[in-house]
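S.K.: Got a sequence here, can you model it:
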Amino acid sequence: MGTLATGARKVVVSTQVTQAPHELLGLTPDHLLRMHRSMVTARLIDEASLRQNRMGRAPFVVPVSGHEGCQIGTAAAMVPGVDVWVPYYRDLGVVLVAGLTPYEVFLGVFSKADDPSSGGRQMPSHWSARRLGIVSHSSPIATQVPHATGIAYAMRYRDEQAVVGCWFGEGATSEGDWHEGLNFAAIHKLPVLFVCENNEYAISVRQDKQMAVRDVASRAEGYGMPGEVVDGSDVLACYAAMRSARERAIAGEGPTLIECKTYRYLPHTSDDDDKTYRPRSEVDEHRHSDPIDRFAAYLLEHQLADAAALEAMQAEVVAEVEAAITAAWDAPDPDPATAMRHVFADEDDPTPS
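M.R.: Residues are numbered from 1 along each chain as shown. Next comes the predicted model:
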């Protein structure tokens, strides 16, 4: 603040510089560019995976397009190598932030021997990587929620300064496993962050056909934990909510339920025909809030990158994804003689990655 004398009157002049939203969050330009690259990578892997499916080289694909903002935003507030990640099948963006590479993703898409999730034994998108702290979920919806709660209980027991991130869709909140996990986590004030990626459809069932509440986050009060609704297409809003929740958990204040309002642009899976339950006009309308476009506009507005730099980044990621596809497709298939490995305990089994 300063003052300017004008005759007998003093006028107060503000010299305070307004900070940009990312500066208020403590994010540097490098942080933001890494987040944008992760979002672009997730989108390009998604599109490439669907092409592989249509070519007959990938039997099953779970699209992510539209969810990149909430996935990268929440995951970016986690600490790789410290925290534990319990994603669900659509969470490609989450596992990329955790450290999984495009090559490793396509090893899973093609069910190759070196697939870190299961050595080619699981369905694609059942993410797992011991070295990264990514814990695989079971195919039944919401079963990862009590798993995450149990891991958080172990963290509290061991007095570890870490949290568990647990992601799921709004359809999971209609399952008993979800309710049991949140209830237990709240009672014991466990360091677990529950992230609901609400894309309005539990496969083909609209939200208003599965719950009478408008916001999933409103259910948090029933368990005695904070609940917050954020715009899932706003990557910085998602980051801010997750960072705050992580700080609470580390301080011993227990879990948080974050609901990210998002939308998936593609069918539920490569086997789904979404035209049977939602009009194209609805999908097109949501594409106007594409999280990648919104974040690119933010970077340009705040002069953190120019159009040429963003185009160059996209070209680099395209090349990286194409190289990953080629390398993964040429990687060895699982040895049929190992088909029973991991079914029964065997001390001679190699430790999974």
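
S.K.: Do a quick rundown of the strands in the stretch 1-150 of the chain.
M.R.: With strands called from DSSP state E, counting those that start in this stretch, the stretch 1-150 of the chain shows them at 2-6, 9-13, 84-86.

S.K.: Would you single out the least confident of those?
M.R.: With a mean of 44, strand 2-6 has the lowest mean pLDDT of these.

S.K.: in the stretch 251-353 of the chain, what spans have low per-residue confidence?
M.R.: The stretch 251-353 of the chain contains residues with pLDDT under 70 at 347-353.

S.K.: could you pull out the helices for it?
M.R.: 280-286, 291-301, 307-330 (DSSP state H, counting those that start in this stretch).

S.K.: To Glu170, which of those helices lies closest?
M.R.: helix 280-286 (15.4 Å; Cβ to Cβ). Just so you know, the C-beta spots here come from the backbone N, C-alpha and C atoms, and that holds for glycine as well.

S.K.: buried set for the closest one?
M.R.: By 16 or more other Cβ atoms under 10 Å, the buried positions in helix 280-286 come out as 283, 286.

S.K.: Could I get the contacting residues of the residue nearest in space to the middle of the chain?
M.R.: The centre of the chain sits closest to Gln71, judged by Cα atoms, centre = their mean, with a distance of 2.7 Å. For Gln71, the contact set (Cβ atoms under 8 Å, 6 or more residues apart in numbering) comprises 42, 64, 91-94, 97, 167, 197.

S.K.: Please apply the same query to Pro21.
M.R.: Leu236.

S.K.: tally of neighbours for Arg156?
M.R.: If you count neighbours by other Cβ atoms under 10 Å, Arg156 ends up with 17.

S.K.: Relative to Pro146, how far out is it?
M.R.: Arg156 sits 15 Å away from Pro146, going by Cβ to Cβ, to the nearest Å.

S.K.: Equivalent analysis for Met225, please.
M.R.: Noted for Met225: a distance of 16 Å to Pro146, by Cβ to Cβ.

S.K.: who has more neighbours, these two?
M.R.: Met225 (24 against 19).

S.K.: And the more buried one, how far from Trp329?
M.R.: Distance, Met225 to Trp329, by Cβ to Cβ: 45 Å.

S.K.: for Arg158, same thing?
M.R.: For Arg158, the distance to Trp329 equals 42 Å [Cβ to Cβ].

S.K.: Tell me which of those two has more neighbours.
M.R.: Higher neighbour count among Arg158 and Trp329: Trp329, with 15 against 8, using other Cβ under 10 Å.

S.K.: What residues does the more buried one make contact with?
M.R.: Applying Cβ under 8 Å, 6+ apart to Trp329 gives the contacts 57, 106, 110.

S.K.: Neighbour-wise, which one of those leads?
M.R.: Using other Cβ under 10 Å as the neighbour test, those are led by Phe106, with 26 neighbours.

S.K.: Verify the contact between it and Ala323 for me.
M.R.: No - taking contacts as Cβ atoms under 8 Å, Phe106 lies outside contact range of Ala323: 10.0 Å.

S.K.: okay, now the closest residue to Gly120 other than its chain neighbours: neighbour count?
M.R.: Take Gly120 and drop its neighbours on the chain: the residue closest to it by Cβ to Cβ, 6 or more residues apart in numbering is Ser111, 3.9 Å away. As a burial measure, Ser111 scores 20 neighbours (other Cβ under 10 Å).

S.K.: re earlier: as a markdown table, the contacts of Trp329 with pLDDT would be great.
M.R.: Formatted as a markdown table, those follow (pLDDT from 0 to 100):
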| residue | pLDDT |
| --- | --- |
| Arg57 | 95 |
| Phe106 | 98 |
| Phe110 | 97 |
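
S.K.: of all those, which comes closest to Val216?
M.R.: Among these, and counting by Cβ to Cβ, the member closest to Val216 is Phe106, at 32.5 Å.

S.K.: How about the closest one: what's its closest non-neighbour residue?
M.R.: Ala328 (3.5 Å).

S.K.: The one you found contacts Phe110, doesn't it?
M.R.: Yes - contact criterion Cβ under 8 Å: Ala328 and Phe110 qualify, at 5.5 Å.

S.K.: wouldn't Arg90 be in contact with Arg264 here?
M.R.: Yes - Arg90 is in contact with Arg264 according to Cβ under 8 Å; the separation is 7.5 Å.
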